[in-house]
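**Student:** no sequence on this one, just coordinates:
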């Protein structure tokens, strides 16, 4: 980790430090392949228009209008812009300096904002945020303050840029937290969806919860927990419900003998199937089949009468 890393504890623990803009610039790039390099300070790169690619020593990131990337100090990276596809960018490099009466400090941000404190703990070399309009507004206001000139304006500009930088960093921390939560939720939904797909594919075999967990590469206890949370029923309850629905379909729409239906839905005990079916439906398999035949016969009778009329 670079000695000027954004995540270095000294900015929060050894005195009061605040963000400081080291450099900022706009530039339009085209047909440009930058060599790998690194900065002594953390950097924001914001795509104002066009498309580009930012490559680090760990990843290749496609960027488009409205995207923001934050690189920690010392992270090797390069910019690639293809021919015929210009890209206009805003770059802001920032470090830290003693507050000298200008607040908030990094210590205050970490102490009073849990999401910011969590971001500092995560130590993410690279942060990518996609098309958040409020970040664009914040950056535009920040650059407006940096561009202000005039005698006597330095102190007020310094205060405003610190406030806007602090606001930007807190906003980034919040968005990282939200995206991290959304990503985790999407991953959970992915596992639950694949678990239900596996159940629908293999319900007619003697599958167990541990088999389903193995199929989706999760520990059985964890899968049981997220499945129950998302489906409002356990894996076994879901499997039983599905098997009974399949049994009802076979009883109502086919002539498969009742003694064979247990095998068709993955139960190896006909006695257990009969007991389970009655518990779930209030009827024995034979009673359910007869009730469906009666309905069918009555419907056929009505149809026959209508045809005669």
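**Tutor:** Now that the structure is in, tell me what you want to look at. None of the values given here were measured: they were computed from a predicted structure.

**Student:** For this structure, just list every one of the strands.
**Tutor:** Assigned by DSSP state E, the chain shows strands spanning 17-29, 32-33, 42-49, 51-56, 60-64, 68-71, 77-81, 87-98, 126-129.

**Student:** Highest mean neighbour count out of these?
**Tutor:** Neighbour counts (mean count of other C-beta atoms under 10 Å) averaged over each of the strands of the chain peak at strand 68-71, with a mean of 22. Bear in mind the C-beta positions are built from the backbone N, C-alpha and C, glycine included.

**Student:** that older thread, could the strands of the chain go into a markdown table alongside mean pLDDT and distance to residue 171?
**Tutor:** Shown next, in a markdown table, are these (pLDDT from 0 to 100; distance: least, C-beta to C-beta, whole Å):
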| stretch | mean pLDDT | distance to residue 171 |
| --- | --- | --- |
| strand 17-29 | 91 | 13 |
| strand 32-33 | 92 | 29 |
| strand 42-49 | 95 | 12 |
| strand 51-56 | 94 | 20 |
| strand 60-64 | 92 | 19 |
| strand 68-71 | 96 | 10 |
| strand 77-81 | 94 | 22 |
| strand 87-98 | 93 | 14 |
| strand 126-129 | 94 | 9 |
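
**Student:** What ranges in the stretch 101-250 of the chain fall below the confidence cut-off?
**Tutor:** Counting by pLDDT under 70, the ranges of the stretch 101-250 of the chain that qualify are 149-155.

**Student:** Try it again at 90.
**Tutor:** For the stretch 101-250 of the chain, the stretches flagged by pLDDT under 90 are 101-104, 130-137, 139-140, 143-162, 178-188, 230.

**Student:** still on that earlier bit, and of the strands of the chain, who's closest to residue 242?
**Tutor:** Nearest to residue 242, of all the strands of the chain, is strand 126-129, at 40.5 Å by C-beta to C-beta.

**Student:** What separation is there between residue 277 and residue 259?
**Tutor:** Residue 277 sits 13 Å away from residue 259, going by C-beta to C-beta, to the nearest Å.

**Student:** Including distance to residue 118, could the strands of the chain go into a markdown table?
**Tutor:** As requested, the strands of the chain are exported to a markdown table (distance: least, C-beta to C-beta, whole Å):
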| stretch | distance to residue 118 |
| --- | --- |
| strand 17-29 | 18 |
| strand 32-33 | 36 |
| strand 42-49 | 17 |
| strand 51-56 | 22 |
| strand 60-64 | 22 |
| strand 68-71 | 15 |
| strand 77-81 | 24 |
| strand 87-98 | 19 |
| strand 126-129 | 13 |
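
**Student:** and of those, who's closest to residue 111?
**Tutor:** Among the strands of the chain, the nearest to residue 111 by C-beta to C-beta is strand 17-29 (13.3 Å).

**Student:** Each with direction, which strands does that closest one pair with?
**Tutor:** In the sheet, strand 17-29 lines up against strand 87-98 (antiparallel) (DSSP bridges).

**Student:** The strand it pairs with versus strand 42-49: what angle between them?
**Tutor:** Here strand 87-98 points in a direction 150 degrees away from that of strand 42-49 (axes from the mean of the first three to the mean of the last three C-alpha atoms, to 10 degrees).

**Student:** Can you check what angle separates strand 87-98 from strand 51-56?
**Tutor:** Angle of strand 87-98 versus strand 51-56, following the same axes, to 10 degrees, is 40 degrees.

**Student:** chain center to strand 87-98: distance?
**Tutor:** Mean-position distance between strand 87-98 and its chain equals 27 Å (C-alpha atoms, centre = their mean, to the nearest Å).

**Student:** What of stretch 56-64?
**Tutor:** 18 Å.

**Student:** What's the end-to-end length of that stretch?
**Tutor:** End-to-end distance of stretch 56-64: 17 Å, with C-alpha to C-alpha, to the nearest Å as the criterion.

**Student:** Outside of that stretch itself, list whatever touches it.
**Tutor:** Here stretch 56-64 makes contact (C-beta atoms under 8 Å, 6 or more residues apart in numbering) with 36, 45, 47, 50-55, 69, 71, 75-77, 87, 125-126, 128, 131.
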